[in-house]
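A.B. asks: quick check, what structure comes out for this input:
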Amino acid sequence: MRTLLALTLLAAPLAAQTSVTAGHALAPAGAVRLVIPHGRVQLRTWDRDSILIRGRLDASAGTLTLEGSREALRVGVARPATARGLGQADLEITVPREARVAFTGLSAEFDCEAGGGEVTATTTSGRLRVTGTARVAVLETLDGNVELAVQGRTARLRTATGTIVARGLVEDLDASSVSGPLLIGMEGAVRSARLESTSAAISFKGDLLPDGRLVAETHGGDVDLRLRPGLEATWAIANWGGVLDNRLLPQALVKKGAHKGEWGFVTGRGTARVEVRTFKGTVRLEPRPQER
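C.D. replies: Here you go, the predicted structure:
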């Protein structure tokens, strides 16, 4: 079923802008698709079974549209065919805490304070930021920066040239870039962290569960791991063109592998696994700051 909601349009102080206010019933775990090409979207959550949208639109941005039902809604901007320039939208959107949100933009920035649901966001160059609590977070941008600061189960972060910053605690984290650095700081033990970059540096601070796995791969960047000194893990480090700077473990435990630039050793019971590969960068093993 398709429903097109009436919107409240108010004259703005500037003739080039229009104020918008819109609302619709939305199930507690309903799906919301947001398609906002340019501007800024702030997403918040509340305990009501509805969605509320407030903000402003440039005249060239078009008009705000809501289509769908209580279970699934699409929020977009209908741009006139005769419009010139890249009209900006500045919207604050509030949804139920457990809602499943999917955002698509071009240069638009997306700032989300998640309340426990699922968040997916994709842009070309817009910055993506998600905080709060999210069961699942999937953030992808070509040239924008990605910032994640959540308590969650799963997160997938992608960018080509932007910087990825992840904080909080995510049980299963997968982050990758082409030339942008990966800066990861987990507040507890994770089950899986897979970090990849073509040419940029990778930094990870945190801990692993007893059966956890950490993989860090970069062709030309440095890898800096700040871990718990007592971590019981099986280690596999390959650093063919750089050096291994170990300040974490007793040097007697760090055994060289069968080939130049490779190390393989076990600490404690070896139940967790740490894998590092870089062709040109330096690999640094250090204790977490609070355990120096």
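A.B. asks: look at the residue of the chain most remote from its centre and tell me its secondary structure.
C.D. replies: Distance from the C-alpha centroid of the chain peaks at Ala252, with 38.2 Å (C-alpha atoms, centre = their mean). Look at Ala252: counting by DSSP: H, G, I helix; E, B strand; the rest coil, its state is helix.
A.B. asks: and the gap between Glu140 and Arg156?
C.D. replies: For Glu140, the distance to Arg156 equals 8 Å [C-beta to C-beta, to the nearest Å]. Where you see a C-beta, it was placed from the backbone N, CA and C, and this is true even at glycine.
A.B. asks: now Glu71, what are its backbone angles?
C.D. replies: Its backbone dihedrals place Glu71 at phi -90, psi -30, with angles given as degrees, to the nearest 10.
A.B. asks: correct me, but it touches Gly30?
C.D. replies: Yes. Counting by C-beta atoms under 8 Å, Glu71 does reach Gly30; the two are 5.4 Å apart.
A.B. asks: quick one: which of those two has more around it?
C.D. replies: Between Glu71 and Gly30, counting by other C-beta atoms under 10 Å, Gly30 is the more crowded of the two (24 against 12).
A.B. asks: which stretches of this structure have low pLDDT?
C.D. replies: 1-15, 83, 291-292 (pLDDT under 70).
A.B. asks: again, 50 this time
C.D. replies: 1-15, 292 (pLDDT under 50).
A.B. asks: helices of that one, start to end?
C.D. replies: Counting by DSSP state H, the chain yields no residue ranges for helices.
A.B. asks: okay, now the closest residue to Gly221 other than its chain neighbours: neighbour count?
C.D. replies: Nearest residue to Gly221, sequence neighbours excluded (C-beta to C-beta, 6 or more residues apart in numbering): Ala201, at 4.1 Å. By other C-beta under 10 Å, 18 other residues sit near Ala201.
A.B. asks: am I right that Ala201 is in contact with Gly220?
C.D. replies: No. Assessed by C-beta under 8 Å, Ala201 is found out of contact with Gly220, at 9.2 Å.
A.B. asks: tell me which residues in stretch 63-83 are buried?
C.D. replies: Applying a neighbour-count criterion of 16 or more other C-beta atoms under 10 Å, the buried positions in stretch 63-83 are Leu64, Leu66, Gly68, Leu73, Val75, Gly76, Val77, Arg79.
A.B. asks: next one: that stretch to chain centre, how far?
C.D. replies: Per C-alpha atoms, centre = their mean, to the nearest Å, the displacement of stretch 63-83 from the mean C-alpha position of its chain is 26 Å.
A.B. asks: ok, stretch 149-165 next?
C.D. replies: 2 Å.
A.B. asks: okay, and the common contacts of Ala201 and Gly220?
C.D. replies: Shared contacts of Ala201 and Gly220, defined by C-beta atoms under 8 Å, 6 or more residues apart in numbering, are found at Gly281.
A.B. asks: got a list of contacts for stretch 75-93?
C.D. replies: Defining contact as C-beta under 8 Å, 6+ apart, one finds that stretch 75-93 is touched by 20, 32-44, 51-67, 107-108.
A.B. asks: how about Arg158, nearest residue that isn't a chain neighbour?
C.D. replies: Ranked by C-beta to C-beta, 6+ apart and with sequence neighbours excluded, the top spatial neighbour of Arg158 is Glu140, at 4.2 Å.
A.B. asks: the strands in the stretch 101-250 of the chain, which residues?
C.D. replies: Ranges of strands within the stretch 101-250 of the chain are 109-115, 118-123, 128-141, 146-159, 164-177, 182-197, 202-218, 223-227, 233-239, 244-246, based on DSSP state E, counting those that start in this stretch.
A.B. asks: for those strands, give me TSV that also has mean neighbour count and distance to Lys280.
C.D. replies: Compiled in TSV, the strands of the stretch 101-250 of the chain are given as follows (neighbours: other C-beta atoms under 10 Å; distance: least, C-beta to C-beta, whole Å):
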stretch	mean neighbour count	distance to Lys280
strand 109-115	22	34
strand 118-123	22	31
strand 128-141	22	26
strand 146-159	21	21
strand 164-177	22	16
strand 182-197	20	12
strand 202-218	20	9
strand 223-227	22	11
strand 233-239	20	9
strand 244-246	16	13
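A.B. asks: make CSV out of those and add distance to Gln290.
C.D. replies: Listed next are the strands of the stretch 101-250 of the chain as CSV, based on distance: least, C-beta to C-beta, whole Å:
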stretch, distance to Gln290
strand 109-115, 27
strand 118-123, 30
strand 128-141, 23
strand 146-159, 19
strand 164-177, 15
strand 182-197, 11
strand 202-218, 10
strand 223-227, 10
strand 233-239, 19
strand 244-246, 19
